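Student: please work out how this folds:
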Amino acid sequence: MELPLVPLPPFLPLPSEPPVPWPRWYESFKTFIGAVGLADASDARLRAMLLHSLSSEGQRVFGTLGLAPKFDDCVALLSGHFATPQSVIVRRIVFRQRKQRPGESIHHYVADLRCLASLCKFGTLEEEMIRDQLAEHTTNPRLREKLFISPDDTTLSRTVELAFQLESAAQLSSQLAASDPPSPRLAALAQTVAKTNPLSEPSSPPDEGRRGFCRFLSILPER
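Tutor: The predicted model follows:
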């Protein structure tokens, strides 16, 4: 009985820094090729497999690097482009230019910011930089307004908690608007959202407030 294989993650699906550095990703690619029995495949098939695994943005970048008719030529071009060390200045510019895209979830945006920040040598300021980037470049104006008036010591975790809350509230609002008449369950959830604010002083003990918020998240529709 053959064990199921974990799919190889695409190298560069979106315009940004690769989620996994090229040397590590290429090692994973070679391991995957061996696992699926393609280590001895033809040069043309290996080349096609590599280009397919780059994903859309990776293929676009590859097309700008020059001609590479053979598999080894492709690897050499990609290694020369993506494995070249970049200065901290360049990496920080890339980080500061990363904005939340329309329709992009908070989970995906913050995860990408964490990945980019890990290469910027921010040190102890890393979480503050991610928090500030989220405040400046979120697509949610309500989140930006709340963060602009929040205390200076607001942590990244509390910021992300608020962002998730507002994102869920927006989804509930859309469902309520589409429900005629609104279902009692959605109306109750909307009232829970309106009363919950991670940046305000809790009216109940901290542990109880957090448990209440977690119970709220547990009954949200899956995304």
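Student: report pLDDT for the spatially closest residue to Lys70 that is not a sequence neighbour.
Tutor: Spatially, and ignoring its direct neighbours in sequence, Lys70 is nearest to Asp43 (5.8 Å; CB to CB, 6 or more residues apart in numbering). Bear in mind the C-beta positions are built from the backbone N, C-alpha and C, glycine included. Predicted confidence (pLDDT) for Asp43: 94.
Student: would you list the phi and psi of Asp43?
Tutor: Here is the backbone geometry of Asp43 (degrees, to the nearest 10): phi -60, psi -40.
Student: make sure it is actually in contact with Asp73.
Tutor: No: with contact defined as CB atoms under 8 Å, Asp43 and Asp73 do not form a contacting pair (9.8 Å).
Student: Pro23 reaches Lys30, doesn't it?
Tutor: No: contact criterion CB under 8 Å: Pro23 and Lys30 do not qualify, at 11.1 Å.
Student: what helix or strand does the spatially most central residue of the chain sit in?
Tutor: Among the residues of the chain, the one closest to the centroid is His108, at 2.6 Å (CA atoms, centre = their mean). Under the criterion of DSSP states H and E, His108 resides in helix 106-117.
Student: how about Arg60?
Tutor: In this assignment (DSSP H and E), Arg60 forms part of helix 43-62.
Student: in that helix, what counts as buried?
Tutor: Using 16 or more other CB atoms under 10 Å as the test for burial, helix 43-62 gives 46-47, 49-51, 53-54, 57-58, 61-62.
Student: mind checking what secondary structure Asp152 has?
Tutor: On the three-state scheme (DSSP: H, G, I helix; E, B strand; the rest coil), Asp152 is labelled coil.
Student: just the pLDDT at it, thanks.
Tutor: Asp152 is assigned a predicted lDDT (pLDDT) of 92.
Student: what residues sit buried inside the lengthiest helix in the chain?
Tutor: Using DSSP state H, we find that the single longest helix of the chain is helix 156-178. Buried positions in helix 156-178, judged by neighbour count with 16+ other CB under 10 Å: 156, 158-169, 172, 175-176.
Student: burial of Gly144, as a residue count?
Tutor: Gly isn't right for residue 144; it's Arg. The local packing of Arg144 (other CB atoms under 10 Å) involves 14 other residues.
Student: Pro9: neighbour count?
Tutor: Pro9: 14 surrounding residues under other CB under 10 Å.
Student: give me the pLDDT value at it.
Tutor: 90.
Student: how about it, what does it touch?
Tutor: Each residue near Pro9 by CB atoms under 8 Å, 6 or more residues apart in numbering is listed here: 19-20, 25, 28.
Student: ok, Val61 next?
Tutor: If you count contacts by CB under 8 Å, 6+ apart, then Val61 has 12, 54, 81 around it.
Student: and of the residues you listed, the nearest to Lys99?
Tutor: Lys99 lies nearest to Leu12 out of these, by CB to CB, at 17.8 Å.
Student: who are the contact partners of that closest one?
Tutor: Leu12 touches 18, 54-55, 57-58, 61, counting by CB under 8 Å, 6+ apart.
Student: helices of the chain, start to end?
Tutor: For the chain, the helices defined by DSSP H occupy 22-35, 43-62, 71-82, 88-97, 106-117, 126-137, 141-148, 156-178, 184-195, 206-218.
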